[in-house]
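# prediction below, plus the sequence it came from.
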Number of protein chains: 4
Amino acid sequence: MSVSLIAARIDVPQDARQVRSRKALCGALLDLLQETAFDQITIREISTRAGTGYATFFRHYPTKEALLGDVAAEEICTLMTMTATMMSGPDRFGSILDLCNYVDAHRKLWSALLTGGAASIVRDEMLLQTSQLGDERLCPVWLPPELAHRVGVSSAIDVLVWWLEQKEHYSPDQVAIILDRLVIDPIVDKLVAVPGPASG
Amino acid sequence: MSVSLIAARIDVPQDARQVRSRKALCGALLDLLQETAFDQITIREISTRAGTGYATFFRHYPTKEALLGDVAAEEICTLMTMTATMMSGPDRFGSILDLCNYVDAHRKLWSALLTGGAASIVRDEMLLQTSQLGDERLCPVWLPPELAHRVGVSSAIDVLVWWLEQKEHYSPDQVAIILDRLVIDPIVDKLVAVPGPASG
Amino acid sequence: MSVSLIAARIDVPQDARQVRSRKALCGALLDLLQETAFDQITIREISTRAGTGYATFFRHYPTKEALLGDVAAEEICTLMTMTATMMSGPDRFGSILDLCNYVDAHRKLWSALLTGGAASIVRDEMLLQTSQLGDERLCPVWLPPELAHRVGVSSAIDVLVWWLEQKEHYSPDQVAIILDRLVIDPIVDKLVAVPGPASG
Amino acid sequence: MSVSLIAARIDVPQDARQVRSRKALCGALLDLLQETAFDQITIREISTRAGTGYATFFRHYPTKEALLGDVAAEEICTLMTMTATMMSGPDRFGSILDLCNYVDAHRKLWSALLTGGAASIVRDEMLLQTSQLGDERLCPVWLPPELAHRVGVSSAIDVLVWWLEQKEHYSPDQVAIILDRLVIDPIVDKLVAVPGPASG
DNA sequence: CTCTAATCGAGACGGTACGTCGCGTCTTACG
DNA sequence: CGTAAGACGCGACGTACCGTCTCGATTAGAG
């Protein structure tokens, strides 16, 4: 399942130079995101930090946002493979806990990705990557699955953002509980859903 | 209650000319939002549309966002007075239904306010205006009230955005049910709170 | 006659700031022309030297060439008023001598204007400013006046360029003789032309 | 005489492929000059049109101008061999007429070469190729031979450019007369030189 | 009903980032 | 193992918008 997510990333270049440039740009962006909000980052800064020419940026990405999309896709992909089955699997809560632990272990990265104007792009990317994950049969009848998907992802991100912004430290376990009860639970129709092996 | 919300708006000008200019600017922005996304709107466009000088804009608002904040505050204020008590009152579901009906009656306005880069500002303004509304005792123990507030407002906006984007028409009643069950319910501690008409 | 030349310069701005910027730009270009060939000069250099913003350049001139045209027009205008009647007047040779003396007194300026890719623009400007000066009746029948005009101006410039490039110093008198015999003489039909007061 | 002109062209390559590439590049440039001004032509365009690699261009010519120089040299060489003795020979006017007829027969080529920013390079090339042609003794004493050479070539080109730009067709004979009287005559010292058919 | 000061329109200005283009070099990948 | 294809660093271009500023001209509201 998660393999298909990786495969979704298209047009990986062949030329060694292109690979190098692209990697440098991604790295530079991740680097800069640790220091500055995404909005404030300039394409020129990215190029400079990457040690690449300014015009070269545009040979790879049409806009700053596209680069962020690429970076985000990769990180989210990692995140998803880490957390395996989120909603439907046999160990739902374990998955959520994995996710929280992973985010906790990379607080800085995810703070950067989810703050400073980047959030909406990351959210869209996450929506994309999770679009095949859900099982429609889990939704209550009054709740359109697409809406459930959107609100679920958004709320989860909201919770994570809130967590990452907190001064006093909440443990991953606490946040996992919150996510489970506040985000997942309302979406899943416990009474109706077939408890059998979901996602075919 | 809603009076205090209005009172929060500061520094309403005295001079008749200032009032006129400010009103013209607000109107111009609302006008333009019907045609273009907020990001794409230029201060120069706003000034021109308002029939006011370019510099005059800055005599009233430091940034484009500030103007949007002003406009949004007013609209949200109207929305709040329309929907009276949202979560805690005796007729919770009625309030939500009022809200949906009001938004439905002004689809274009709220589409403009909630799409095209403006959403986050509107969300912040709504967070501000609803910050005194909630009753902390309603929250379950595992859920920090501040987080509940944030996720609640964000989710509600998500639902509305989804609704406004839909091609096929969902009725206000349907959306009210969704809001009630998907957004409000999970936040409110069902054991303590007075049982509303929802949750089945 | 020369008054009309001055009048030809259009759209002199009213705003004091515009006048100042424009003057600064012209001055900067003249300045830089002393050091570098016109081709090598960058609009950014001009702006910087003028102490003006980069974008401001384009508020006054669409291209580098346009600025040069403006500068050249002014200098040529001065040159023309200095040398009064060139071809037809009662003291033809005196005029030519005046011109040579004037150029000699401003060798650096005219070297800059006539070398380094600028020559063709200066030539065009000079063609423009002298277009009303000639008396068609002075041309021999086998020589189209327009051609005479072009070749005359071009040749004169060629002579001046050659002069300005010379290491050993030719006196203005010598050059005046050359101009008179090599450039003017072949154009003027001595046998046919009425020696009376030309240009009506 | 004209042989020595050809000999001036250096480093004709041995490798057959190099010859082919070089010829292709020259052809491509001539081709493009029919459609676009020289300034506007890109090295990439030339390479593409020539069916050769972009980098290949630089293996043969350091700049676009160098290629034009090469092309121009060849064409001028042909022109010169066509018109044999220009100024001094026994049949001066015949030579000039030959030249005019040849240019007339290749209007498009020479229009391309003499317009669109290419003129100065062609002029320089022509100056180079004619530098050994003149007979210094023909010049009047007040006229430095080098200056005579320059002004002569420049004026001749001016006349040709004017001719090629004309809408209404002047005959080669007419232009030959103009060249003879306007360009050659003033340079040649009439007292010493053999009186040609012109000047009357 | 005037006088005065605040506010207005208009728009030029210095700045900064953008995205495009062409150059000339230099590295690939392929035949 | 050489050669075409083309990615790259560089740097100028011209555009757009920002927020500041300097001007009169207008006009509201205090005296």
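Cool, the structure landed. Numbering: from 1, shown residues only, chains lettered A, B, ... in the order given.
# ok, A:Met126 to A:Ile177 distance?
For A:Met126, the distance to A:Ile177 equals 21 Å [C-beta to C-beta, to the nearest Å]. All C-beta atoms are positioned from the backbone trio N, CA, C, and that covers glycine.
# report pLDDT for the most centrally placed residue in chain A.
Geometric centre of chain A, nearest residue: A:Ile76, 3.7 Å, by C-alpha atoms, centre = their mean. pLDDT recorded at A:Ile76 is 93.
# gap between it and DNA strand F?
Per C-beta to the nearest atom of the strand, to the nearest Å, A:Ile76 is found 25 Å from DNA strand F.
# how about the residues of chain A by DNA strand F?
A:15, A:17-18, A:20-21, A:51-56, A:59-60 (C-beta under 7 Å from any atom of the strand).
# and the helix or strand harbouring A:Asn101, is it in reach of chain B?
Per DSSP states H and E, A:Asn101 falls inside helix A:92-105. No. Using C-beta under 8 Å from any C-beta of the partner chain, helix A:92-105 never reaches chain B; the gap is at least 13.6 Å.
# buried residues in that helix?
A:92, A:95-101, A:103-104 (16 or more other C-beta atoms under 10 Å in any protein chain shown).
# and for stretch A:161-175?
Buried residues in stretch A:161-175, counting neighbours by 16+ other C-beta under 10 Å, are found at A:161-164, A:170, A:172, A:175.
# what's the span of it from first residue to last?
This stretch, stretch A:161-175, spans 11 Å end to end (C-alpha to C-alpha, to the nearest Å).
# ok, residues contacting that stretch?
A:97, A:100-101, A:103-104, A:107, A:110-111, A:114-115, A:119, A:159-160, B:142, B:146-147, B:150-151 (C-beta atoms under 8 Å, 6 or more residues apart in numbering or on different chains).
# now do the phi/psi pair for A:Thr42.
In terms of degrees, to the nearest 10, the main-chain angles of A:Thr42 are phi -100, psi 150.
# count the residues that sit near it.
Around A:Thr42 sit 12 other residues, with neighbours defined as other C-beta atoms under 10 Å in any protein chain shown.
# and the residue nearest to the centre of chain A, what element?
For A:Ile76, the enclosing helix or strand under DSSP H and E is helix A:64-83.
# for that helix, give me every contacting residue.
Applying C-beta under 8 Å, 6+ apart, the external contacts of helix A:64-83 come out as A:2, A:5-6, A:8-9, A:22, A:25-26, A:29-30, A:38, A:41, A:43, A:46, A:57, A:60-61, A:95-96, A:98-99, A:102-103, A:109, A:113, A:118, A:121-122, A:124-126, A:129-130.
# just stretch A:43-60 next, same as before
For stretch A:43-60, contacts defined as C-beta under 8 Å, 6+ apart pick out A:18, A:21-22, A:24-25, A:27-29, A:31-32, A:64, A:67.
# one more time with 6 Å, if that's ok
Outside stretch A:43-60, the residues within contact range by C-beta atoms under 6 Å, 6 or more residues apart in numbering or on different chains are A:21-22, A:24-25, A:28-29, A:31, A:64.
# with these in mind, which one is nearest to chain C?
Taking C-beta to the nearest C-beta as the measure, chain C lies nearest A:Lys64 of the contacts of stretch A:43-60, at 22.4 Å.
# ignoring the adjacent residues along the chain, who's closest to the residue of chain A found nearest chain B?
Going by C-beta to the nearest C-beta, chain B is nearest to A:Pro186 of chain A, at 4.4 Å. Excluding the flanking residues, the one nearest A:Pro186 by C-beta to C-beta, 6 or more residues apart in numbering or on different chains is B:Pro186, at 4.4 Å.
# so the one you found versus A:Leu147, what's the distance?
According to C-beta to C-beta, B:Pro186 and A:Leu147 sit 15 Å apart.
# who's more crowded, these two?
Neighbours per residue (other C-beta under 10 Å) separate B:Pro186 from A:Leu147, with B:Pro186 holding more: 24 against 20.
# what's the helix or strand for the more buried one?
helix B:185-187.
# domain-wise, how is chain A divided?
A:11-63, A:68-187 (automatic domain parsing).
# what's the first helix or strand after the one helix or strand in chain A whose mean pLDDT sits lowest?
Ranked by mean pLDDT, DSSP states H and E, the weakest helix or strand in chain A is helix A:2-8, scoring a mean of 40. Using DSSP H and E, the helix or strand that follows helix A:2-8 in sequence is helix A:16-33.
# mind exporting the C-alpha coordinates of that next one to PDB?
C-alpha atoms of helix A:16-33 as PDB (Å, rounded to 0.1, in the frame of the first residue of the first chain):
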ATOM      1  CA  ALA A  16      23.100  12.700 -12.200                       C
ATOM      2  CA  ARG A  17      23.400  16.500 -12.200                       C
ATOM      3  CA  GLN A  18      19.700  16.900 -12.000                       C
ATOM      4  CA  VAL A  19      19.400  14.500  -9.100                       C
ATOM      5  CA  ARG A  20      22.100  16.400  -7.300                       C
ATOM      6  CA  SER A  21      20.600  19.800  -7.900                       C
ATOM      7  CA  ARG A  22      17.200  18.700  -6.900                       C
ATOM      8  CA  LYS A  23      18.400  17.100  -3.700                       C
ATOM      9  CA  ALA A  24      20.400  20.200  -2.900                       C
ATOM     10  CA  LEU A  25      17.300  22.400  -3.400                       C
ATOM     11  CA  CYS A  26      15.200  20.200  -1.100                       C
ATOM     12  CA  GLY A  27      17.900  20.200   1.500                       C
ATOM     13  CA  ALA A  28      18.300  23.900   1.300                       C
ATOM     14  CA  LEU A  29      14.600  24.400   1.800                       C
ATOM     15  CA  LEU A  30      14.400  22.100   4.800                       C
ATOM     16  CA  ASP A  31      17.400  23.900   6.200                       C
ATOM     17  CA  LEU A  32      15.900  27.300   5.800                       C
ATOM     18  CA  LEU A  33      12.500  26.200   7.200                       C
END
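# please consider this matter closed, and thank you.
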